[in-house]
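1. quick check, what structure comes out for this input:
(one chain, ligands or ions: 1)
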Amino acid sequence: MTTVTESRLAGLKEKIESRQALIGIVGMGYVGLPLALLFSGERFKVTGFDVEPEKVKTLNAGNSYIVRILPAEIQAAQRAGFHATADYSEIARMDAVIICVPTPLDEHQEPDLSFVTGTVESIAPWLHEGQLVVLESTTYPGTTEEIVVPLLESGNRQGLKASRALDEPGLHVAFSPEREDPGNETVARHDIPKVVGGCGPAATQLASALYGSIFRRVVPVSSPSAAEMTKLLENIYRCVNIALVNELKQLTMRMGIDIHEVIDAAKTKPFGFQAFYPGPGLGGHCIPIDPFYLSWKAKQFDFRTRFIELAGEINTAMPYFVIEQTAAGLNEQCKSIKGSKVLVLGVAYKRDIDDLRESPSLTIIELLREKGAIVAYNDPFFATVGRGRHYDLNMTNTPLDNLGQYDAVLIVTDHTSYDYPAIVAQSQLVIDTRNATKGIDSPKIVRC
Ligand SMILES: NC(=O)c1ccc[n+]([C@@H]2O[C@H](COP(=O)([O-])OP(=O)(O)OC[C@H]3O[C@@H](n4cnc5c(N)ncnc54)[C@H](O)[C@@H]3O)[C@@H](O)[C@H]2O)c1
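-> Next up is the predicted model:
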């Protein structure tokens, strides 16, 4: 016999299949906004929630504040029923609520879950029986069960609990990590399999049905903790492997071997090797931060995550290594960093994206200034660089002309719009941290 709860579950699944389910996405940032567009593209009516009134206004005016999202895409979503709001009472109308808010580190390098807890406290009063709530923000294993569920349960007005069994009524709560690679055009977002772990079987089934409507493949796991840990494993794997090539780069430079030639040769092996590339240091909201969520949690289990700590140490030291190489390059020309004019090319944390978060360029600029250099930057994605977490630069974009005036041009982010042969031809000295000048033979280039 079908229970009331099971038939409600079937009802919500049917709403998802028929695209009648109303979807609320909290956090209209780099993750939440593209997700909203994916659902809109599949004919769902989506409401985007954000605490920043400017973002709400921009979206409702049919405009975008993320370079790779065109206003036309927002307008198409609006025609499918999308709108943005800062009014949490609209949560009550939603069938599913997906949380995509930031999870940074605090000043002690410890997890700062205040955006997650703030969001959960704001939505909890408006929740009703049978709603699905999914956390997508990257975090340590245990967050959904230990932080999100208790706040949802204590904060909602109907005294609802998280459903743990198929026939148990209540809220359906799940974790599903965002696995996007910004700027990577080779894999469409809907082709990235979606990992889902619910607090109970109903939550896993519902979240799988919801994501199954926009992603080609859903990968259910046994719990939210397993899903949370999956995301961290992926990012720690990247962080550790990048640290490995960053260390080997420093060794191969001493040995007179080109690390990029070695990586290109190694990656011809059809199994057992995945190429990672050295660079000026880690950047972005994920790789420099997420591993430390696990290190922090591990301490509760009296466990030291030594790989994470060592990788962090090596990667954090990379901007200092770039400064040493710049000093050495200038030294060859009988100059010091003090008093030299240096142009930093690229401040975004990686190629062709408009995201500054944790960018190694910011540290490099600060270090150069500390040593007395006169620093300018060029980046097609940033007209100005002001202040943010860990930096206070107050700079304006410099045009890419008269490169001969600089004692050194430092390639930190290898945007594809740059004409590297022309840059080398016009510059006195080029410090290349990204192998952007590959194939150009010039004594003016220091590759590091
Ligand atoms: N950016 C990426 O490439 C990426 C990839 C994978 C995972 N993630 C993870 O996804 C999460 C979100 O990252 P992001 O890059 O989208 O961050 P973001 O800063 O671009 O966007 C977050 C948005 O949430 C809003 N916000 C903050 N508190 C809120 C609240 N209480 N209610 C409503 N809105 C609120 C902010 O105003 C902002 O618009 C993080 O946990 C991040 O680690 C990001």
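2. list the contacts for G41?
-> With contacts defined as Cβ atoms under 8 Å, 6 or more residues apart in numbering, G41 is in contact with A76, A77, A80, I214. (C-beta placed from N, C-alpha, C; glycine too.)
3. ok, and the most crowded of those?
-> Most neighbours among the contacts of G41, by other Cβ atoms under 10 Å: A77, with 25 neighbours.
4. name the SS class of that one, please.
-> In the three-state summary, A77 is assigned as helix, counting by DSSP: H, G, I helix; E, B strand; the rest coil.
5. I'd like the distance between it and the ligand.
-> From A77 across to the ligand, the span is 16 Å (Cβ to the nearest ligand atom, to the nearest Å).
6. for the closest residue to that residue other than its chain neighbours, give its distance to the ligand.
-> In space, A77 comes closest to S40 once its chain neighbours are excluded; the distance is 3.7 Å by Cβ to Cβ, 6 or more residues apart in numbering. Distance of S40 to the ligand, computed by Cβ to the nearest ligand atom: 17 Å.
7. which is the next helix or strand following the helix or strand hosting S40?
-> Using DSSP states H and E, S40 falls within helix 32-41. From helix 32-41 onward toward the C-terminus, using DSSP H and E, the following helix or strand is strand 45-49.
8. can I get the very next helix or strand once past that next one as PDB, trimmed to CA atoms?
-> From strand 45-49 onward toward the C-terminus, using DSSP H and E, the following helix or strand is helix 53-60. Presented in PDB, the C-alpha positions along helix 53-60 are these (Å, rounded to 0.1, in the frame of the first residue of the first chain):
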ATOM      1  CA  PRO A  53      20.400  44.300  -3.900                       C
ATOM      2  CA  GLU A  54      22.600  45.400  -6.900                       C
ATOM      3  CA  LYS A  55      22.800  41.800  -8.200                       C
ATOM      4  CA  VAL A  56      19.000  41.400  -7.900                       C
ATOM      5  CA  LYS A  57      18.400  44.700  -9.700                       C
ATOM      6  CA  THR A  58      20.900  43.800 -12.500                       C
ATOM      7  CA  LEU A  59      19.300  40.400 -13.100                       C
ATOM      8  CA  ASN A  60      15.800  41.700 -13.100                       C
END
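9. off-centre distance for helix 53-60?
-> In terms of Cα atoms, centre = their mean, to the nearest Å, the centre of helix 53-60 is set 22 Å apart from its chain centre.
10. can you check stretch 385-399 too?
-> With Cα atoms, centre = their mean as the basis, stretch 385-399 stands 20 Å off its chain's centre.
11. and the closest residue to the ligand within the stretch 201-350 of the chain, how many neighbours?
-> Of all residues in the stretch 201-350 of the chain, the one sitting closest to the ligand is H285 (4.7 Å; Cβ to the nearest ligand atom). Residues lying near H285 (other Cβ under 10 Å) number 19.
12. find the residue closest to it in space, skipping its chain neighbours.
-> Closest residue in space to H285, ignoring its immediate chain neighbours: R357 at 4.9 Å, by Cβ to Cβ, 6+ apart.
13. could you do I16 as well?
-> In space, and not counting its chain neighbours, I16 is closest to A209: 4.9 Å by Cβ to Cβ, 6+ apart.
14. quick one: the one you found and K269, what's the gap?
-> Taking Cβ to Cβ, to the nearest Å as the measure, A209 falls 40 Å from K269.
15. immediately after the helix ranked longest in the chain, which helix or strand?
-> Among the segments of the chain that qualify as a helix by DSSP state H, the longest is helix 224-255. Counting by DSSP H and E, the element after helix 224-255 in chain order, helix or strand, is helix 259-266.
16. in that next one, which residues are buried?
-> Buried residues in helix 259-266, counting neighbours by 16 or more other Cβ atoms under 10 Å, are found at I259, H260, I263.
17. stretch 50-66 too?
-> For stretch 50-66, by 16+ other Cβ under 10 Å, it's D50, V51, K55, V56, T58, L59, G62, S64, I66.
18. residues in contact with the fifth one?
-> When contacts are counted by Cβ under 8 Å, 6+ apart, T58 is found next to S64, Y65.
19. and P193, how many residues sit next to it?
-> P193: 13 surrounding residues under other Cβ under 10 Å.
20. is it in contact with F215, as I believe?
-> Yes: with contacts counted by Cβ atoms under 8 Å, P193 reaches F215, the gap being 6.8 Å.
21. residue of the stretch 101-250 of the chain closest to the ligand, please.
-> Proximity of the stretch 101-250 of the chain to the ligand (Cβ to the nearest ligand atom) peaks at S137, 3.3 Å away.
22. please apply the same query to the chain.
-> With Cβ to the nearest ligand atom, the shortest gap between the chain and the ligand falls at G29, namely 1.7 Å.
23. assumed that residue was part of a helix.
-> No: if the criterion is three-state DSSP, then G29 is coil and not within a helix.
24. quick one: contacts for it?
-> Taking Cβ under 8 Å, 6+ apart, we find G29 in contact with D50, C100, V101, P102.
25. pull out the buried residues from those residues.
-> Buried residues within the contacts of G29, counting neighbours by 16+ other Cβ under 10 Å: D50, C100, V101, P102.
26. which one of those is nearest to Q333?
-> Minimum distance to Q333 across the buried ones among the contacts of G29 is 43.2 Å, recorded for P102 (Cβ to Cβ).
27. now that closest one, nearest residue through space, not along the chain?
-> F115 (4.9 Å).
28. for the helix or strand hosting that neighbour, buried residues please.
-> Assigned by DSSP H and E, F115 belongs to helix 114-123. Of all the residues in helix 114-123, those buried under the rule 16+ other Cβ under 10 Å are F115, V116, T119, V120, I123.
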